[in-house]
Structures are given as structure tokens and as C-alpha cells.
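# any chance you can model this:
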Amino acid sequence: MPPPPQQKPENVLKRAHELMGVGQQQAALVLLHEHITSKRSRNVPITSLEPVMLMLVEQSVEQKKGKLAKDALYQYKNISQNTNVGTIELVLKKFIELAEEKVKTAQAKADDVQSSLETTAATASVDDLEASETPESILLSTVSGEQSRDRTDRAIVTPWLKFLWETYRTVLDILRNNARLEIMYQSTAMQAFEFCQKYTRKTEFRRLCELLRNHVQTAAKYSSQMHAINLNDPDTLQRHLETRFQQLNVAVELELWQEAFRSVEDIHTLLNLSKRPPKNIMMANYYEKLTRIFLVGENYLFHAAAWSRYYNLLRQSASIVASGQSKKGDNPATSEADLSKAASFVLLSALAIPVISTSRSRGALVDIDEAKKNKNSRLTHLLGMAQAPTRAVLFKDAMSKGLLKRARPEIRELYNILEVDFHPLSICQKISPILTKIGADAEMEKYILPLQQVILTRLFQQLSQVYETVDLKFVEDLARFPEPFQVTRDTIEKFIMNGNKKGDLAIRMDHATGVLSFDTDVFSSTKAIQAGSSSGSAESETSSVQRLQNTPSEIVRTQLTRLAKSLYITCQYVDPSFNEARIKAREAAYTRAKAGAEQEHRDTLARKEVIHKRKEEASEIQARKEKEIAAAKRLQAAKLEEAETKRLAQEQEEREKKRREAELAKVRQDEVKKAAAELKLDKNIDLDSLDTTDLRLMKLSQLEREKNEINEKMRITGKRIDHLERAFRQEEAKKLPQDFEQQRERDLEEYEKTKAQTLKDAEAKHKENVELKHRLTRLVPFYDSFRESVVERRHDEFEKRRRDAEKELERLVAQRRKEFRERKIREKRELEEQERILREEEERAAKEAEEKAARDEKKRQEFQELKAVREKERQEALEMAALQERRAEEAAKRRAEAKAAGGPISRAAPDRSDSSDRRPPLPLAGAKMGWREKEKLRAEGKEIPSARTESPAAAPAPSRAPPMERTDSNDRPAGPPRLALAGGKPSWRDREAAKTGGAPSGGVPLSRGRSGRGEEEFPGPKPAAAHSPAPAPAGDSLRPSGSTGKFVPPHLRNKS
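Numbering: from 1, shown residues only. As a prediction, the model looks like this:
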């Protein structure tokens, strides 16, 4: 069936309006979709196709047909992306606006429904005011009272929210990796973020973030495609950064911290790709969000590091704005209050870093586990720091920048209490009012719990330097905090156990007596007695804990060091020469250093150059390796892509095959159903067990049965009609004469009436004509004069036209004559040209024939010369052969004389020149001829064959059989001897040899007991018959030999 004719977009639009006017919106949508997705629509102007697309989008939103809209939008993008990008943006914006309006309408409808339900429930009539709360009403309110709003939203709003989400996904998929539509893509992503934030769609937000990541990866993978985005472009990268920052903001607002951390990693990756430095206001937002993420993750160390980076950025922005190097709008707010707030948070977050690690493994900052190291390395890179931060480094950096002056007074006092002063008995008492102030601030209240851990750590560290044992009740009294932040005894015990486990504390607890004992073993190796140990804590070796005195174990460990220092100072005072020798040694060292400074400088420069060269070589090797790895990756990717393409093609082929099979099965099933409906089969019959052949047979039988029934009915009906007609005619025959008389009378009466009327009408008409003639007679003269004038006028016109026609005829005749003469001249010229061309061709052919004859004559002469040379060579060869024959005869004569003299027969090898006494070579087909055979042929005057043929030695020697004359068939008497089989017919050679008295060309027939080679194996003299056999008669070759041979038919056996 041929495809339907292509319709114009205007006609399709008009037809869609007509369908919508009669309530067939779905048919209108299908019509619009088929027109857009048709291949013929690719050549339609975009201005004509745009209204069709807008109507399709409207109908898709009305009917919630997102898949149809997606398919049509993809096709429309492919059609118009190379010519008009604005129309794509217009259609997609219209699509999103319609979906958003539907969501707003659904929300308003849900609000109306909910308000009506609440109003109905409030104004419902109550039968008994005292018993208004019945058990049934209580159960119903428990089950559905508070959830009625949710059910309303699920029924009305949720479907449209889902459709709006699919709309955003569809638009982002259509706009991805297209540089012309990049701005629209980013704005759509922003709208999708607003959608997730407004309606708190956390699941959709995760999917949206993953979708955007996949789009970026796809853009990097297919960057060579036409219109693909270039991530190296600063503007493109800036737009992606703005989108990721908005994604980070929404993730933080929705409290999706894992997604926020992934967003931070995305931003960091884009920042590394960017060649343009990001704006300070964006980086301030970046660090501020990192502080919130790390705080939620309870990673207080990197939380404090993020605050430190944020404060450094504020100070840098303030200096840049003050110097006028940057706009104020590109930098965050840098007022004194903002700097004071940031400084307070930097100091407070650093103080809140736990001294004792809260992780499960041993070690606080860098875990032994490799995964922990990798994680800390990733976090360090996210903050843009060269090395991992520590608590001591953060405090050192804060002090160097004067944060104490900017921080709030209570934060400054808290720092002095925890890091400077030593007061184990009043530390909690002094900190309690500060914690009250901090707890009053909602933003700083989150630091109370980690600060309590730090306070307890300082408390036990300071108590361990003053006491050996202390009562647990006394410790509880010391560790008292304000009312909302009190700690229990269980919390203190848990803290002590964790500190012992990490190795930061060395405390033993006696629950029976309620006493805490600090470790006083002088040989203890625990890390807790080292005040600056950092193995299990977040402090470095330069700990800020104030020391009152050394512990016994420290005294034991440092006694040798202290003894060495004392002896060194004593030597300086007792022996003055010790100082002199030390001073001389120092001066000598200075002299040596000064003398070798120049050489050392040159050595250093040379070493630096060598190191630089090695670095360059290493970088070249690394670049080469990276290039090879990249090439291998590209090849692997190409292979994977090819395999994926093949797999997809195979899957597509399988799907197409299954689809065709399903369509064929469906067509067969429809045919079966249609045939069953036509046959009106019983409903109990299983149609699946029937095929078209069975149904065709059933249909034929039914048609035959119906035909028989109709024929029977026709026969019965015809018989009935025959009987009825016969009865009618029998009754009619009785009344025909009477009816004939009546009819005759009626016809006669009618005739008389018609005759009288006709005569009357003719008489009246004759009178009228006579009157008309008398009246018109008066007009005859006027008619005659008018007629003559008209005839005369028309005669003049005719004469004029005739003269004009004659002139035109003469002109045309003259023109035709002229054309005829010109045509004759042209034909004559063409004929002469053809004769000239033909004459030239004949001359050229004659010339070529002469040249060819000359070439043939030259070839013939060359051939005659070559023939003469060959004849001369042949004569020389004949002479040579004759010479050899004479020598052979002389040799035979000498042997005969020697034999006749009775001398001993020599056992030496026979003379090879005697061809009659040597064993003839086997007549094998395809054997190569020897030089003797060739010389013999030359002596006989025969032609030497060029290709490998049967050896001529197989033929009998010239002395034994006369040579046969050469015939026209070019056949030689060569080859193996013919076998005289029973029933065999003689050949024409045998017959010719019999006539001339010669032997057959095939040689002597072999007998069944001989080898056919003569009697050469006997040492005695050979009989003469062996050398010259008598020629057999012609009939002997037909006589059977009597031995086994060829089968002879019965009708040939008696012919011999």
C-alpha cells in the first residue's frame, strides 16, 4: 500500500482544529504527531511547522501524553537546529509553561476541595451535642482525619507534579550537549532546581543531579560531534559552575548532605578545568556550604579548615575591594561585623576539634586504613590546601592573622581557658557562663557537644599532672556545666574509656571505691604521659596544654639527657681550653666552608642542572606513557563502541524480527477472528487451534451448504410460481373474449373523440394563419429593401476580406518558396560535407590497408629468413646424425669381427650408439625426450615436438618397419603398442598397413605370456624374427587371442 500523500502544515492544523471541535482531541494529537515525525516534514519550512508543534505541545499537556511530545520534540529539534534555534527555545518554553500552569491549577483545585471538605465537616448537623464524639467518628478521624490533605494531593496534584518532572527531564535530554541551546539548558536546570526546592522533591533532586553529571560526562566523551559544547570555553564553564552552585544551594536547603558533597566535588572538578579564576562571591558560597556539610558529617577538623578558608577569602576580598581591583558585586560582604562573625566561627570551630579521636580505628587525623587516607586527601583537595590540616596548624594560622582581636570576647576567653591557662579545679566553672552565651546563639549552639569533649580532655590532662588518685564524685563536681548541657556520670565514664582506648589518657577506674587512678609507672610506655603525643589525638607535638611538672616516667626517660647537659656546662666552667678548642674548631669550620663555598656553589648548580634534565626526561617519558595510555584507551573505547554498536544492531534486529513475528501472528489471529465472525461459529470453539486452512475449508463447506439450500428454495419457489401462473392463465382464458369486446368499444369511442378534436383544432389554426398572412403582407416591401441593403453591405465586406486573404496567401507562398530554396541549399551543403568525410575515410582506409600489406610482407620476409636458418640447422643436424650412424655401423662391424674371431665376449657396457642392440625405452606418455631421440628425429627429417608427448622411442626402429608417410591428420606412429583384444576392430592405420604390406603403426601385438620387449633378457643371439617380424594380415587383428580380455558380445563372436 503506498504511503498517504503529504499534507501541508496549514491543512494539518485545520484538520486538527476540526477534530478538536467535534471532541476528538486524541485523534487530533495523533494526526499532529504523525505529521511532525514524518520524513517528508524535514523539508517543510520551519515557519509553517512551528504552529503545528505548538498545538501538539498544548494537546500533549492537556492529555498527559509526555512520550508523544518527547518523540515529536526530538524530531523537531533535528529539523530546526541547523536553521532556526529560536523556534526550539520557543516551543520548549511553551511546553514548560503549560506544565507549570497545570500544576498551579491542580494545587488551586486541591485547596478548594480541601476547604470544601473542612467546611462540610464543620457545618455538618449533629444529632446529640453531648455525644458528638462517637467511637465511629474517633476511628475515622484517627484513620483519615489528618491524611485527607495527603490523599487529595496524591489524587489531584501528584500526577501533574510527575508530568512536570518528566517535562523537565525531557527538555534537558533534548537540549544536552548542544552549544546553540546551552543557555536554554542552564535556565531549564535552574527551573528544575526551583521545582525540587519548592515542592521538596528529594528523590527527583537526586535523579536530576545524576542526570546533569551524565550529561557532562557525555559532553566530554562526544566533544567531536557537531554543535557539541566545549568545556574549555570560559563562558560555558562559568555557566556550568553557576548551575552547580545552585545545585549545591538546593541540596543544602533540602538537607541532602551526600548529594551536597557530590555537588562540591563536581564544582571542584569544574574549577580545575576552568582557566578563568572564579568569582570570590562564588567561592565564599562554596566554603560556606562546605562548613555546613562537614558540620553535619561531624568532621570538625575539616569544618574548622573550611571556616579558615572562608575567613581568608573574606580578608582577601576586603583588600581587593579597598584597592579597587575588583567590583564590589563580585565579592562577598566584607564589613567589620561580617569579619568579626567569621573570626569567631573560625576560632570556635578550631576549639571544637576533638583532642581525642572519635573514630573507630586508632588515629584521629590520618587513619591507618588506606581508604581513610584517600578520603582525607580528597577533602584536602576540595579545600584547595597543600597539606592536610591539623588542630595546631589551624591555631597557629589564626594567631598569625590576629583572629583573637576580631573574635567575640567570650570566644577569646574560651580560647585562653582551654589553650593557655592551667586551672584544673575551676576550668568548668569558668567555662559555664561562656557555654550559656554560646548556647543562646542558634548558630553556635551546635558546637556545645564537641566543646564538652575538649573541656573534659583538658580537665583530665591537667588533673593527671596534679593528682595520682582522685575521687570520681570529685570529678563529677568539677565537670559541671549549665543546666541544658549537663553531663552524666555514664558520659564521663564512656569518655574515660574512649580516651584509654585511643591512648590519649592513662586512667584506671575502681568502681568499688569510686576512685580514678592516674598512671604513675616510671616505665610506662603509654602515649598519654607524653603531653604532646599526637598518635591518638588531633594535637601535634607542639601541644598547647600547660605543664605544671614532669611526670615520673618523663623524669626517668630524660635523666641521661639532663646529665649530659649538666656535664657539658660543667666542662665549660672547669676547663677554659675546652671553649678555646671549640671556638677554634668553629673558626676552622667557617674557613673551610668559605674556601669551598665557590666549588660547592658550582657543584650545586651542576646538580641542579642535572636534576632539571632528569625532570625533563622524566616528564617526557611520562608524557609518552600518557600518550600511549590515551591511545590504548581510545582504541579500547573504539572497540567497545564497535562492540556496543554491533550489540545494539543485533538487539534491534532481534526486536524487529520479534515485532514482525508478533505482527504476523496478530494478522493471522485477526484473520481467524474475522473468518470466524463471518462463519458465525460457536463460541465454545477454540480459535487458537484453528488456522486459515481449516477456516477456509469450513467456509467453503458452509458456502456449498448455503448454495444447496438456496437452490432448493429456488426450485420450490419456481414450482409454486409455475402452478400459480398456470391457474391464472386458465381462468384468464375464459374472460378474454368479453374483455376484448369491451376494449374494442372503448378504443373506438376514444378514436372518434380524438378525431373530432383534431379537426376542430386544425380549422382554428388555419384561420389564424390566414389572418397572420394578410397582416404581414404589408411588411414585404420593407423587408425586401432591408434585405438588399444587408446583402450589399456584406458583399463589400466579403470582397475586402477576399483581397486581404489573397495578399496573405501570396506572402505565405513567397515565404515558403524562400524557405524551400534555403533548405535545398542547406541540404546540398550537408551532402557535400558528408561526401567529403566519406572520401577522407576511404582514403584513410586505403592508406591503412597499404600499411598493413607492407607489414605483412615484412613479416613474411622475416619468416622466410627464419625458415632458411632453421633449414640450415636441420641439414647440419642430419649430417651429424649420419656421422653418428656411420660410427655406429663401424662399431657393430668391429663387434661382429671380434665375435667371429672367437674371442671372449666382453662384459663391458654395450655401445649406446647402437640403437638396435639396446633395450628400447619405455613408451611412457608425457616422458621427456632425450638428445639421442631428438637427433634421430632430425636425421629422419621429422619435426621435434615442443611440448611433452609420448616418447618417439616407443615406435619401432626404421630398420624393422618401413616409415610411414605423413598424413594430413598430423598423427605419428608413436605411442604404446595396441593390444589385440578379442572382438576389437582394426583401426584405419591397421587397414592401411595391411593394404601396403607394412606392419601396423601400433607395433607387434603383445602376447599374453610375453613382456613385449623381445628376447633381450637371454644372453644368446637373438633370432631374426625378433628383429624383423612379418607383417600380420589384416584379419588377424580381429581374431581373438584365446586369453582373458575384453568382453565380446554374442552377435560378434561368429564373425571371426
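
# so L348 touches L435, yeah?
No. Judged on C-beta atoms under 8 Å, L348 makes no contact with L435 at a distance of 11.4 Å. In short, each C-beta sits where N, CA and C put it, glycine included.

# tell me the secondary structure at the spatially most central residue of the chain.
In the chain, the residue lying closest to the centroid (C-alpha atoms, centre = their mean) is T645, at 5.5 Å. Classification of T645 by DSSP: H, G, I helix; E, B strand; the rest coil places it in helix.

# could you check the pLDDT of it?
On pLDDT, T645 comes in at 87.

# repeat for R602
pLDDT for R602: 88.

# what's the neighbour count on it?
The number of residues packed near R602 is 10, by other C-beta atoms under 10 Å.

# which element is it on?
If you go by DSSP states H and E, R602 is part of helix 597-679.

# quick one: list the elements packing against that helix.
When contacts are defined as 3 or more C-beta pairs under 8 Å, 6 or more residues apart in numbering; DSSP states H and E, helix 597-679 sits against helix 692-776.

# now the helix it packs on, how far from the centre of its chain.
From the chain centre to the centre of helix 692-776 is a distance of 83 Å (C-alpha atoms, centre = their mean, to the nearest Å).

# next, the angle from that helix to helix 597-679.
Counting by axes from the mean of the first three to the mean of the last three C-alpha atoms, to 10 degrees, helix 692-776 lies at 70 degrees to helix 597-679.

# next secondary structure after helix 692-776?
Following helix 692-776 in sequence order, the next helix or strand is helix 780-900 (DSSP H and E).

# what comes up buried for whichever helix or strand comes after that next one?
Next in sequence after helix 780-900, counting helices and strands by DSSP H and E, comes helix 931-940. If you call a residue buried by 16 or more other C-beta atoms under 10 Å, then helix 931-940 has these buried ones: 933-939.

# what are the boundaries of the helices in the stretch 401-550 of the chain?
Secondary structure of the stretch 401-550 of the chain, counting by DSSP state H, counting those that start in this stretch: helices at 403-406, 409-415, 427-440, 448-463, 472-478, 489-502.

# now the buried residues of helix 931-940 in CSV, with distance to R855?
Converted to CSV, the buried residues of helix 931-940 look like this (distance: C-beta to C-beta, whole Å):
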residue, distance to R855
E933, 39
K934, 34
E935, 38
K936, 39
L937, 34
R938, 33
A939, 38
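
# could these go into JSON lines alongside distance to R886 and pLDDT?
As requested, those are arranged in JSON lines below (distance: C-beta to C-beta, whole Å; pLDDT from 0 to 100):
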{"residue": "E933", "distance to R886": "19", "pLDDT": "75"}
{"residue": "K934", "distance to R886": "19", "pLDDT": "77"}
{"residue": "E935", "distance to R886": "14", "pLDDT": "75"}
{"residue": "K936", "distance to R886": "14", "pLDDT": "75"}
{"residue": "L937", "distance to R886": "18", "pLDDT": "77"}
{"residue": "R938", "distance to R886": "16", "pLDDT": "76"}
{"residue": "A939", "distance to R886": "12", "pLDDT": "76"}
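
# nearest to E600, of the residues you listed?
Closest to E600 out of those is K934 (98.4 Å), distances taken as C-beta to C-beta.

# just to revisit the earlier point, what about the residue nearest to the centre of the chain, distance to I353?
Look at T645 and I353: by C-beta to C-beta, to the nearest Å, they are 55 Å apart.

# cool, E851 as well?
Distance, E851 to I353, by C-beta to C-beta: 112 Å.

# of the two, which one has the most company?
Set E851 next to I353 and count neighbours by other C-beta under 10 Å: I353 wins out with 28 against 10.

# pretty sure the more buried one contacts R391?
Yes. Here I353 reaches R391: they are 4.7 Å apart, a contact under C-beta under 8 Å.

# quick one: low-confidence ranges for this structure?
For the chain, applying pLDDT under 70 flags the ranges 1-6, 114, 116-154, 357-372, 520-555, 680-690, 902-929, 942-988, 993-1056.

# state whether A251 is indeed within a helix.
Yes. Read with three-state DSSP, A251 is one of the residues of a helix.

# what helix or strand is the nearest residue to it once chain neighbours are set aside located in?
Leaving aside its chain neighbours, A251 sits nearest to A260 (3.8 Å; criterion: C-beta to C-beta, 6 or more residues apart in numbering). In this assignment (DSSP H and E), A260 forms part of helix 257-273.

# buried residues in that helix?
257, 259-264, 266-268, 270-271.

# alpha carbons only: can I get that helix in PDB?
Extracted in PDB, the C-alpha atoms of helix 257-273 (Å, rounded to 0.1, in the frame of the first residue of the first chain):
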ATOM      1  CA  TRP A 257      24.200  16.200  52.500                       C
ATOM      2  CA  GLN A 258      25.500  13.300  50.400                       C
ATOM      3  CA  GLU A 259      24.200  15.000  47.300                       C
ATOM      4  CA  ALA A 260      25.700  18.300  48.500                       C
ATOM      5  CA  PHE A 261      29.100  16.700  48.900                       C
ATOM      6  CA  ARG A 262      28.900  15.200  45.400                       C
ATOM      7  CA  SER A 263      27.900  18.700  44.100                       C
ATOM      8  CA  VAL A 264      31.000  20.100  45.900                       C
ATOM      9  CA  GLU A 265      33.200  17.500  44.100                       C
ATOM     10  CA  ASP A 266      31.500  18.500  40.800                       C
ATOM     11  CA  ILE A 267      32.300  22.100  41.500                       C
ATOM     12  CA  HIS A 268      35.900  21.300  42.400                       C
ATOM     13  CA  THR A 269      36.300  19.300  39.100                       C
ATOM     14  CA  LEU A 270      35.000  22.200  37.100                       C
ATOM     15  CA  LEU A 271      37.200  24.700  38.900                       C
ATOM     16  CA  ASN A 272      40.200  22.600  38.000                       C
ATOM     17  CA  LEU A 273      39.200  22.700  34.300                       C
END
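
# for that helix, the distance to its chain's centre please.
The answer for helix 257-273 is 28 Å, by C-alpha atoms, centre = their mean.

# ok, now stretch 56-72?
Per C-alpha atoms, centre = their mean, the centroid offset for stretch 56-72 relative to its chain is 27 Å.

# sounds good, over and out.
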